[in-house]
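**Student:** what would the 3D arrangement of this be:
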Amino acid sequence: MRLIDTHTHLDFPDFDADRAEVLARSQALGVQRMVVLGVYQSNWQRLWQLVESSEGLYAAFGLHPVYLDDHRPEHLGELRAWLDRLIGHPRLCAVGEFGLDYYLDHLDRQRQQALFEAQLHLAIEFELPVLLHVRRAHAATIATLKRLRPARGGIIHAFAGSAEEAREYIRLGFRLGLGGAATWPQANRLRKVVAGLPLEAIVLETDAPDMAPSMHANQRNSPEHLAEICSELAALRGMSAEALAAASSRNAEALFGWD
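**Tutor:** This is a model prediction of the structure:
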């Protein structure tokens, strides 16, 4: 199978001891391309150095809502500078990870919204897709996307919404990132939604080192697990793993403008 992991955090310290080995094993299992997403200003340089030094890795830069209290007003200016410097580079693929998180009560929603919109405007300006974190905030996210309409669309990471929310995102030109969450048998509602999604809307992801699939419970997640995730989701949809992998890869390549 030819696979693309559209959402990883391979720059995180969780991989410091064996990152090269993880990359080699993942590529041997068919994961040809992996997107590494920045989440705060202080990890962007580390991320870019990793991406530049490793075949098959691609970078996105963003200010994640969970780290809201770590972000400073000047970091938006620095994000613009990074995008301005790297736009057109073949290893830059998106703006992300950013978005809205209403699950954590201590995160100020007004500040989140302002940061969300500022990064959407940057993506629109630089004509890049967006990789969005959306947790219990689908209504606010959809309303904002309808208002600002980023032309390149993007991915709703770790999609766990309803069938109607999925349709709204798809109408807006977004793909839905699917990973380990839907491999858990108790995720009945999500599994039903995943089974009915149009194939052209699906992209596969791991969110490594987080959100491990059921077959690797309580372990560090890894792009190495993407083939198993693909197989489980394909069975859920009544199709072959090879067909799902091929469709997901086509969808990711179309989104990011890859040959």
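**Student:** residues of the longest helix seen in the chain that come out buried?
**Tutor:** The longest helix of the chain (DSSP state H) is helix 109-126. Buried residues in helix 109-126, defined by neighbour count with 16 or more other C-beta atoms under 10 Å: 109, 112-113, 115-116, 119-120, 122-124, 126. (Each C-beta comes from the backbone N, C-alpha and C, glycine too.)
**Student:** and the helix or strand following that helix, which strands flank it?
**Tutor:** Beyond helix 109-126 on the C-terminal side, the first helix or strand identified by DSSP states H and E is strand 130-135. Next to strand 130-135 in the sheet, as set by DSSP bridges, lie strand 92-101 (parallel), strand 154-157 (parallel).
**Student:** now, of those, which is deepest in the fold?
**Tutor:** strand 154-157 (a mean of 28; mean count of other C-beta atoms under 10 Å).
**Student:** could you give me the average pLDDT of it?
**Tutor:** The average of the pLDDT scores along strand 154-157 is 98.
**Student:** just stretch 6-24 next, same as before
**Tutor:** Throughout stretch 6-24, pLDDT has a mean value of 98.
**Student:** and the end-to-end length of that stretch?
**Tutor:** 17 Å (C-alpha to C-alpha, to the nearest Å).
**Student:** for the stretch 1-150 of the chain, which segments count as helices?
**Tutor:** For the stretch 1-150 of the chain, helices defined by DSSP state H, counting those that start in this stretch occupy the ranges 19-28, 44-53, 73-86, 109-126, 138-148.
**Student:** for the third one, buried residues please.
**Tutor:** Within helix 73-86, the residues that qualify as buried by neighbour count (16+ other C-beta under 10 Å) are 75-76, 79-80, 82-83.
**Student:** that helix versus helix 44-53: what angle between them?
**Tutor:** If you take axes from the mean of the first three to the mean of the last three C-alpha atoms, to 10 degrees, helix 73-86 sits at 20 degrees to helix 44-53.
**Student:** likewise for the last one?
**Tutor:** Counting by the same axes, to 10 degrees, helix 138-148 points 80 degrees away from the direction of helix 44-53.
**Student:** one more: the longest one?
**Tutor:** Going by the same axes, to 10 degrees, helix 109-126 is angled at 40 degrees with respect to helix 44-53.
**Student:** contacts for helix 109-126?
**Tutor:** 62-63, 65, 68, 71, 76, 79-80, 83-84, 87, 94-95, 98-102, 129-130, 140-141, 144-145, 148, 150-152, 154 (C-beta atoms under 8 Å, 6 or more residues apart in numbering).
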